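Chemist: Okay, here's the prediction I keep looking at, along with the sequence it came from:
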Amino acid sequence: MRRRTFLRSGSVALPAVALGLSTTGTAHADVRPTGSIAYPFSAIDVPAKSAPWTLETDRAALLVHDMQHYFVKAYAPHTDPIGTVLKNIRSLLDVAHARGMPVLYSAQPGGMTPEQRGLFGQLYGPGMPDDDAERAIVDPIAPMATDTVLTKWKYSEFFRSELLEILRNANRDQLIIVGVYAFSGITVTSADAVQNDIQAFIVSDAVADYTAAGHNQALAWCAERTAKILTTKSALAALGSS
């Protein structure tokens, strides 16, 4: 895989048993206890109205946001929301690769210094440790050699990365965002996208948050301000998956 910015030891594919779904590990202030998050998608409300944009294959790139073991392990394994999210991201990745769309991943480097962590250290503690297993993007959706992994420093993937440059160079002005967490990094990344005249598309059943309430708040906030809200089914239809 290509790395356009510094990512410590890089992403490592994990076996299925480790889908963030192990029962060990220390909880930090920026993650919930291992296996503690579960809620059904029946509790998620997809906003009826959102940004008036139409997803187009030759304009769009796909961003898989923060799907690292460190963050994903907070979800209860083999249940929703993470079970559906992983399946839907996989479907979107397959179509993006088949259509020749740019596929990008955000991934925190782990082991940040206090200077790199900045005020996040006061808000959330030291964050991800310097550990390849925690840095790894979970195996079912691990990057391919042709994908690009960008280092994630703050809430927005646009911050201190080459994301905007990559989109501009590829003549892409649409960004599909999937992953975790919906009401933090995904929301802020979508806001930065719009501020850079990039149309943001959030796939409602390919993102997750700490709670169903947070998930719904993210979709509602972004629908009014920053993004077109899609389902995986509607996104795949727009990208011509059939």
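Modeler: Structure's in. What do you need?
Chemist: Would you state the helices of this structure in chain order?
Modeler: Under the criterion DSSP state H, the chain contains helices at 69-72, 82-98, 114-117, 120-124, 132-135, 163-169, 187-195, 212-225, 232-238.
Chemist: ok now do the most centrally placed residue in the chain, which residues does it touch?
Modeler: For the chain, the residue sitting closest to the mean C-alpha position, by CA atoms, centre = their mean, is H65 at 1.8 Å. Shown in contact with H65 (CB atoms under 8 Å, 6 or more residues apart in numbering): S106, E157, I177, V178, G179, V180, G185, I186, T189, V207. For every residue, glycine as well, the C-beta is placed using N, CA and C.
Chemist: try 6 Å
Modeler: Contacts were defined as CB atoms under 6 Å, 6 or more residues apart in numbering; by that measure H65 touches S106, I177, G179, G185, I186.
Chemist: what's the most buried one of the helices of the chain?
Modeler: Most buried of these, by mean neighbour count (mean count of other CB atoms under 10 Å): helix 69-72, with a mean of 25.
Chemist: residue ranges with poor pLDDT in the chain?
Modeler: 1-29, 241-242 (pLDDT under 70).
Chemist: I'd like the distance between A227 and S204.
Modeler: Going from A227 to S204 by CB to CB, to the nearest Å gives 10 Å.
Chemist: Looking at those two, which one has more neighbours?
Modeler: Shown here are A227 and S204; by other CB atoms under 10 Å, A227 has more neighbours (30 against 26).
Chemist: for that one, what are its contacts?
Modeler: Neighbouring residues of A227 by CB under 6 Å, 6+ apart: A51, S190, A200, I202.
Chemist: Dump these to a markdown table, plus distance to D58.
Modeler: Shown next, in a markdown table, are those (distance: CB to CB, whole Å):
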| residue | distance to D58 |
| --- | --- |
| A51 | 19 |
| S190 | 21 |
| A200 | 17 |
| I202 | 20 |
